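Novice: Model the following, please.
(one chain, ligands or ions: 1)
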Amino acid sequence: MTTTFQPPCRLLMGPGPINADPRVSRAMSAALVGQYDPAMTGYMNETQQLYRQVFRTHNEATLLVDGTSRAGIEAALVSLVAPGERVLVPMFGRFGLLLKEIAERCGAEVHTIEAPWGEVFTPEQIEQALARVKPHVLALVQGDTSTTMCQPLEGIGALCRRHGALFYTDVTASLAGNELRVDDWQIDAATAGLQKCLAGPSGSSPITLSARAVDKIMQRAHIEAGLRQSSDEAGHAQPIRSNYLDLSQILKYWGPERLNHHTEATAMLYGARMCAALLVEEGMDQAIARHQLHGQAMAAGLTAMGLELFGDQQHRMHNVVGVYIPEGLDGEAVRRCLLEDFAIEIGTSFGPLHGRIWRIGTMGYNARRDCVFTTLAALEQVLGLFDVTVPAGEAVRAAHRIYSTSTLQDTPHA
Ligand SMILES: Cc1ncc(COP(=O)(O)O)c(C=O)c1O
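Specialist: Numbering: from 1, shown residues only. Okay, here's the model as predicted:
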């Protein structure tokens, strides 16, 4: 064992995590302050204000849940869904299955509808299921990285209101790379992560909750015994079934009460704050356009190489593309060669797509021209090494053509 620690430098072009923006990494190494230092509570307030802009919401209840994205998902579901309540999960990939699993563990009566992997739902399909199931909560992924599909969410909130459901969405992989309008689209709860389009490392989960969602959560508000101010402040008879992820307590930690629920993960908060600050400085529309441009360039390059793209291209996420592994080729051997010889990581896939497609991301700090060109050029060389005939130079040329017609300025990187 040695104190020298030097992980290899890789270009992370999979479906996330991606390389963190160096400005985020630098922020995370800043001096720690105490949990209730006015500087710290000031950063917490700033972080809330920044994420309101990222989520495009006025929700007061906009904050961070400590833990990776699934901590945010679990916090939302365990706090919003009381045991025995009905949850509807339209599933179009692995992360719909995850929502189902988590909702079941919350003790919900879970109903699902399924779309084939590579497709999304129509609003009519969702409305029919809402009318049939009458769920307390609709839980729907926006961008499911397992299939690269982006479910349109506009209009779904209005359907939920009409059918008396709260609307929760997992935007871990899509936020800041694809349009999301929490208030305009009447979304009651949304959770994310840093390691995709937000250009940070995994470990913090931004969340936003509408007033309707907060009301429901506060119906089961419970303060743990050791924190109660007086003995007559009784706990709730059926409190939220997690202490760490109990949003009724977490909200009081982020609110004026500053309830001493947990010790905020200070370095993660510094990083999460910087992720949002960089996006707000860039502008959300510009960030989404950047992801769209680099995603298009990557897709054009892969197609020019003679590879076939996976799924409904009209509904593909801007920030990740699935591509079929050529017949007879060992996809894992290609990924290994890219990693070992070119230091580039691309993604494998799960479930029915395992061994059939690679997933290539262009997101966050790596939504850049140089990353797209480097990945396309390297993949072309590696395919050549594996005796796959690829038209020489066409991939980079196709990506170049996309860039030459774009007016988008590349964002400055530090
Ligand atoms: C859509 C979606 N939801 C949830 C997760 C889980 O996130 P984490 O691994 O940060 O807990 C991921 C991770 O890839 C994801 O893409």
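Novice: Buried residues in stretch 7-27, which are they?
Specialist: 11-21, 23-24, 27 (16 or more other Cβ atoms under 10 Å). All C-beta atoms are positioned from the backbone trio N, CA, C, and that covers glycine.
Novice: Near the ligand, which residues of the stretch 151-300 of the chain? Just list them.
Specialist: 170, 172, 173, 193, 202 (Cβ under 6 Å from any ligand atom).
Novice: Which of these sits closest to residue 73?
Specialist: residue 170 (5.7 Å; Cβ to Cβ).
Novice: and the residue most central in space within the chain, how far is that from residue 184?
Specialist: Closest residue to the average C-alpha location of the chain: residue 172 at 1.3 Å, with Cα atoms, centre = their mean. Per Cβ to Cβ, to the nearest Å, residue 172 is found 20 Å from residue 184.
Novice: Which stretches in the stretch 101-250 of the chain count as helices?
Specialist: 123-133, 156-162, 211-218, 247-254 (DSSP state H, counting those that start in this stretch).
Novice: Would you mind pulling the contact partners of the shortest one?
Specialist: Just to be clear, that refers to helix 156-162. 123, 126, 127, 130, 138, 140, 166, 167, 185, 186, 187, 188 (Cβ atoms under 8 Å, 6 or more residues apart in numbering).
Novice: Would you format the residues you listed as JSON lines with pLDDT included?
Specialist: Output for the contacts of helix 156-162, formatted as JSON lines (pLDDT from 0 to 100):
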{"residue": "123", "pLDDT": "98"}
{"residue": "126", "pLDDT": "98"}
{"residue": "127", "pLDDT": "98"}
{"residue": "130", "pLDDT": "98"}
{"residue": "138", "pLDDT": "98"}
{"residue": "140", "pLDDT": "98"}
{"residue": "166", "pLDDT": "98"}
{"residue": "167", "pLDDT": "98"}
{"residue": "185", "pLDDT": "98"}
{"residue": "186", "pLDDT": "98"}
{"residue": "187", "pLDDT": "98"}
{"residue": "188", "pLDDT": "98"}
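Novice: pretty sure the residue nearest to the centre of the chain is touching residue 191, no?
Specialist: Yes - counting by Cβ atoms under 8 Å, residue 172 touches residue 191, with 6.9 Å between them.
Novice: Now do the shared contacts for the two.
Specialist: Joint contacts of residue 172 and residue 191 (Cβ under 8 Å, 6+ apart) are 69, 72, 73, 205.
Novice: Please identify, among the contacts of helix 156-162, the one with the most neighbours.
Specialist: Neighbour counts for those, by other Cβ atoms under 10 Å, peak at residue 187, which reaches 29 neighbours.
Novice: Distance check, it against residue 172.
Specialist: Using Cβ to Cβ, one gets 14 Å for the distance from residue 187 to residue 172.
Novice: Same question for residue 124.
Specialist: Noted for residue 124: a distance of 26 Å to residue 172, by Cβ to Cβ.
Novice: just residue 241 next, same as before
Specialist: Taking Cβ to Cβ, one finds residue 241 at 22 Å from residue 172.
Novice: now residue 381
Specialist: In terms of Cβ to Cβ, residue 381 sits 32 Å off from residue 172.
Novice: buried ones in stretch 240-251?
Specialist: Neighbour-count burial for stretch 240-251 flags 240, 241, 242, 245, 246, 247, 248, 249, 250, 251 (criterion: 16+ other Cβ under 10 Å).
Novice: same thing with stretch 141-161?
Specialist: In stretch 141-161, counting by 16+ other Cβ under 10 Å, buried: 141-153, 156-157, 159-160.
Novice: got it, and stretch 221-237?
Specialist: 221, 222, 223.
Novice: would you put the C-alpha positions of the helix or strand harbouring residue 291 in CSV?
Specialist: Applying DSSP states H and E as the criterion places residue 291 in helix 284-304. These are the backbone C-alpha positions of helix 284-304, laid out as CSV (Å, rounded to 0.1, in the frame of the first residue of the first chain):
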residue,chain,number,x,y,z
MET,A,284,-29.9,26.2,-20.0
ASP,A,285,-31.0,26.6,-23.6
GLN,A,286,-27.4,26.8,-24.7
ALA,A,287,-26.4,23.7,-22.7
ILE,A,288,-29.2,21.7,-24.3
ALA,A,289,-28.3,22.9,-27.7
ARG,A,290,-24.7,21.9,-27.0
HIS,A,291,-25.7,18.4,-26.1
GLN,A,292,-27.9,18.2,-29.2
LEU,A,293,-25.1,19.3,-31.5
HIS,A,294,-22.4,17.0,-30.2
GLY,A,295,-24.9,14.1,-30.0
GLN,A,296,-25.8,14.7,-33.7
ALA,A,297,-22.2,14.8,-34.7
MET,A,298,-21.5,11.5,-32.9
ALA,A,299,-24.5,9.9,-34.5
ALA,A,300,-23.6,11.2,-37.9
GLY,A,301,-20.0,9.9,-37.5
LEU,A,302,-21.1,6.4,-36.5
THR,A,303,-23.6,6.2,-39.4
ALA,A,304,-20.9,7.3,-41.8
